[in-house]
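Peer 1: Have a look at this prediction, sequence included:
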Amino acid sequence: MYHLWRKTAAVFLFSSLLALPAFAAEKAVSADVAEVAAVEVTGSRLAESTADVPAQTYVITREDIDNSAARDVQDVLSRVPGVNGLLNSASMAQDKSSVLVRGLATEVLLLVDGVPYLGTNYMSGSNPFDLRSISLTDVDRIEVVKGAGSAIYGSNAAGGVINIITRKPSDKTTGSITLEGGNKEWFRGNVHGTVVLSDDLKVFAGYTRTQEGETKTRLANPATGLYDYAKDYRGNDYYFGFAKGPWAFKAELGDSKSEWDYSSQGYNSDVWSTERDRQKNEYKRFMLNYADGVNTGRLYYYDNKRDVTDPYATTNYRDKVFGATYNRKQEIGTTPFVFGMDFRHENGNISASNSIDDLYDKSRNEYAPYIETSVPIGDAAFDIGLRYEHWDIEDGDDANEFIPRFSLNWANRDGLLYYVTAGRYFSMPSFYQIFGDSRYSVHSNPNLKPEKGWTYDIGVKDDKAKNPWNFGVFYMDMKDKINYETTDFVTYEGHYINVDEYRAWGFEGQYKWNFHENWSYTQGLSYLHAEEKTGSSDWTRSNMPRWDISGILNFKKDPWNAELSAHYYGDRQLTNAVYDEEDIFIVNAAVSWKVDRTTIKLACVNLFDKEFYLNNNGYINPERRFILSATYEF
């Protein structure tokens, strides 16, 4: 412990010393800088809005969420071109709704209010986060920035960064209550509110209850007609906090229980026919934040527990993370800088009821100084982001990474922003990948290296126009991609190794046409050509659909709001001949009516109740769901 805190103190001392040249050059922060609102922008610590970030950026507002048919965060993210949120939970326990960004899952970074939210016990090809622990009713907006973000945020930000900004206290004492009901035993209730105690002191709190009945998740083989089912889900989410001046504190707590069965896989023993698999999740997240427009400091802690029970044993997974971050905005002459330091301590643990000892209980520490600046070059700007990361891993190989990102961007008089960006990224392996799981014959590999690569983007956007739009082209490659190597095809024993390569190119864009005071239409487009290579084998095509095309039609005229959305995924290639490669086409619809303080909404997901196979394992898209909701504001 002494060694840990000694390193932490040294790192923060180094970060403080970085400020000396800035203070020497400028003895006092200008009044203009001091008056800047304490706003953090996803993808850049220098930009004042996502419209200024030199990358493909998308913002989903609370109004967008309220007008849509989305049931959860996964549904909402599917609105973004190149983000695929159709996949049901890989474990069929409804615990981990998945999303893919530019064909990647593990290499996607999720932030919750700017804090990296990553577990330590995930496998390759799955998200390192749990979207079910984020209640949609408590989301204020979602910002998605495509491309490499490791120079800004560190590990896992290869395909992109998703920042979920939760509700903040309102400027007056207020609140609301929402009740939802639907088929498949769907129920959700939410209550939240703010109490203003003084001019600069506000307290806020909220609670959400979610229930869901039997739903299909997987069809093992069309010939058998047997499905796997998620049988039952019950979830509770709580939050509370306060805001006073530049200070803010927030706590989020939650739990969920779920059951499911493997009927489609033909388990016919007495045990498997009478016992369902069960899962219990618990999470805690705490954050203390200071932001005055110049200085930003944050302390955070989260604790995730997941207990999975099958007829033979219960396996306990636990992630605990403590982190601290500080950065400062400063001008030297007329050149803006942001410099700072991140510290992160992770602990991962797995134990099982049929094992005397823990399968593993390991820790590691991250130390990362960084700096960002923007240098004017005529009418253009050259943005530079530099980050150095040191990972001290218990019983494993330490990792040291230098991560640069460079961008040349130019905004013309009409508001168009042109940019060319090159960024390096890396993704640390999880504890599960490094130390294995002896219960399932997954052996350890303490020499596992991080995944590494570069992403290149070129594009143009005008997010501030009456009809905002963007379009970009990208290329990315990855070395040392982690994959599971089976050494015994009878027991499926094996370990994770750095053997794969990944490369992808494509283009994506979005155009919102506000063609009438009551009507708008948003067209999304994404094309992805992705390939993978294992060892000395040839490059093979990824089974991701190449085309992702969406259209969203909105109508708004008091007291009515309506939305009709259609999504098409085309040019698919599945390697399992059992499943049909039919293109995916899904339509959602929602209509709401608001008078005074009451809003009534009727929504439908998968309006035509079409069933598609999403991948080689027979997982299917969500079934048709009708939901009726009522919200009262007080």
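Peer 2: The structure has been received and is ready for your questions.

Peer 1: Skipping its backbone neighbours, what lies nearest residue 45 in space?
Peer 2: residue 338 (4.2 Å; Cβ to Cβ, 6 or more residues apart in numbering). For the C-beta atoms, the positions are set from N, CA and C on the backbone; glycine is no exception.

Peer 1: ok, residue 438 to residue 337 distance?
Peer 2: Look at residue 438 and residue 337: by Cβ to Cβ, to the nearest Å, they are 49 Å apart.

Peer 1: So for those two, which residue has more residues nearby?
Peer 2: Per other Cβ atoms under 10 Å, whichever of residue 438 and residue 337 has more neighbours is residue 337, with 22 against 15.

Peer 1: Please pull up the helix or strand immediately following whichever strand or helix holds the more buried one.
Peer 2: In the assignment (DSSP states H and E), residue 337 maps to strand 335-352. Once the chain leaves strand 335-352, the next helix or strand it forms, by DSSP H and E, is strand 360-377.

Peer 1: export the next helix or strand after that following strand as PDB, just CAs?
Peer 2: Using DSSP H and E, the helix or strand that follows strand 360-377 in sequence is strand 380-393. Taking C-alpha atoms only, strand 380-393 is exported to PDB below (Å, rounded to 0.1, in the frame of the first residue of the first chain):
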ATOM      1  CA  ALA A 380      -6.400  26.600 -39.600                       C
ATOM      2  CA  ALA A 381      -5.500  25.000 -36.300                       C
ATOM      3  CA  PHE A 382      -3.100  22.100 -35.600                       C
ATOM      4  CA  ASP A 383      -4.400  20.200 -32.500                       C
ATOM      5  CA  ILE A 384      -2.000  18.000 -30.600                       C
ATOM      6  CA  GLY A 385      -2.900  15.500 -27.800                       C
ATOM      7  CA  LEU A 386      -0.100  13.600 -26.000                       C
ATOM      8  CA  ARG A 387      -0.600  11.000 -23.300                       C
ATOM      9  CA  TYR A 388       1.800   8.600 -21.600                       C
ATOM     10  CA  GLU A 389       0.400   5.600 -19.700                       C
ATOM     11  CA  HIS A 390       2.200   3.400 -17.200                       C
ATOM     12  CA  TRP A 391       0.300   0.300 -16.000                       C
ATOM     13  CA  ASP A 392       1.700  -1.500 -13.000                       C
ATOM     14  CA  ILE A 393       0.100  -5.000 -13.100                       C
END
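
Peer 1: what angle do strand 380-393 and strand 360-377 make?
Peer 2: Relative orientation of strand 380-393 versus strand 360-377 (axes from the mean of the first three to the mean of the last three Cα atoms, to 10 degrees): 160 degrees.

Peer 1: Now do strand 380-393: which elements does it pack against?
Peer 2: If contacts are counted by 3 or more Cβ pairs under 8 Å, 6 or more residues apart in numbering; DSSP states H and E, strand 380-393 sits against helix 150-153, strand 360-377, strand 399-411.

Peer 1: Quick check: which of the ones you listed is buried the most?
Peer 2: helix 150-153 (a mean of 24; mean count of other Cβ atoms under 10 Å).

Peer 1: then that one to CSV, C-alphas only?
Peer 2: Below are the C-alpha coordinates for helix 150-153, written out as CSV (Å, rounded to 0.1, in the frame of the first residue of the first chain):
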residue,chain,number,x,y,z
SER,A,150,-7.0,6.9,-26.2
ALA,A,151,-4.9,10.2,-26.3
ILE,A,152,-7.7,11.8,-24.4
TYR,A,153,-9.1,9.0,-22.2
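
Peer 1: For that helix, what does the pLDDT average out to?
Peer 2: For helix 150-153, mean pLDDT is 92.

Peer 1: low pLDDT regions in the stretch 501-634 of the chain?
Peer 2: Judged against pLDDT under 70, the stretch 501-634 of the chain has no low-scoring part.

Peer 1: can you pull out the strands in it?
Peer 2: 519-534, 540-541, 547-557, 560-570, 584-595, 598-605, 625-633 (DSSP state E, counting those that start in this stretch).

Peer 1: which stretch among those strands comes nearest residue 188?
Peer 2: Of all those, strand 625-633 sits nearest to residue 188, with 7.8 Å by Cβ to Cβ.

Peer 1: Can you list the strands that the closest one pairs with?
Peer 2: Sheet pairing for strand 625-633, assigned by DSSP bridges, gives strand 174-182 (antiparallel), strand 598-605 (antiparallel).

Peer 1: quick one: buried residues of that strand?
Peer 2: Across strand 625-633, burial judged by 16 or more other Cβ atoms under 10 Å covers 625, 627, 629, 631.

Peer 1: Please point out which parts of stretch 523-540 sit buried.
Peer 2: Neighbour-count burial for stretch 523-540 [16+ other Cβ under 10 Å]: 524, 525, 526, 527, 528, 529, 530, 531, 532.

Peer 1: In the chain, which residue is most central in space?
Peer 2: With distances taken as Cα atoms, centre = their mean, the residue of the chain nearest its centroid is residue 110 (3.2 Å).

Peer 1: Quick check: phi and psi on the spatially closest residue to it that is not a sequence neighbour?
Peer 2: Spatial nearest neighbour of residue 110, excluding adjacent residues (Cβ to Cβ, 6+ apart): residue 129 at 4.3 Å. Note on residue 129: its backbone torsions stand at phi -140, psi 170 [degrees, to the nearest 10].

Peer 1: ok, now which ones touch residue 129?
Peer 2: 96, 110, 117, 118, 119 (Cβ atoms under 8 Å, 6 or more residues apart in numbering).

Peer 1: how near is it to residue 364?
Peer 2: Distance from residue 129 to residue 364, by Cβ to Cβ: 18 Å.

Peer 1: and what of residue 108?
Peer 2: Distance from residue 108 to residue 364, by Cβ to Cβ: 20 Å.

Peer 1: who does the host helix or strand of residue 228 pair up with?
Peer 2: Per DSSP H and E, residue 228 falls inside strand 227-244. Strands that pair with strand 227-244, judged by DSSP bridges, come out as strand 201-212 (antiparallel), strand 215-219 (antiparallel), strand 247-261 (antiparallel).

Peer 1: Tell me which of those is the most buried.
Peer 2: strand 215-219 (a mean of 22).

Peer 1: So what does residue 66 have for phi and psi?
Peer 2: According to degrees, to the nearest 10, residue 66 has phi -60, psi -30.

Peer 1: who touches it in this structure?
Peer 2: Counting by Cβ under 8 Å, 6+ apart, residue 66 has contacts 561, 592, 599, 601.

Peer 1: What is the burial count for the second one?
Peer 2: In other words, residue 592. Residue 592, neighbours per other Cβ under 10 Å, totals 19.

Peer 1: What distance do you get for the closest residue to it other than its chain neighbours to residue 182?
Peer 2: Leaving aside its sequence neighbours, residue 592 sits nearest to residue 601 (Cβ to Cβ, 6+ apart; 3.9 Å). Per Cβ to Cβ, residue 601 is found 11 Å from residue 182.

Peer 1: Ok, residue 460 next?
Peer 2: 42 Å.

Peer 1: Of the two, which one has the most company?
Peer 2: Using other Cβ under 10 Å, the more surrounded residue of residue 460 and residue 182 is residue 182, with 20 against 16.

Peer 1: Mind pulling the model confidence for the more buried one?
Peer 2: 95.

Peer 1: That one touches residue 628, doesn't it?
Peer 2: Yes. Using Cβ atoms under 8 Å, residue 182 is in contact with residue 628, at 6.7 Å.

Peer 1: okay if I get the helices and strands packed on strand 380-393 as TSV plus distance to residue 276?
Peer 2: Listed next are these as TSV, based on distance: least, Cβ to Cβ, whole Å:
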stretch	distance to residue 276
helix 150-153	39
strand 360-377	28
strand 399-411	41
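
Peer 1: mind checking which of these is nearest residue 572?
Peer 2: Per Cβ to Cβ, nearest to residue 572 of those: helix 150-153, 29.9 Å.
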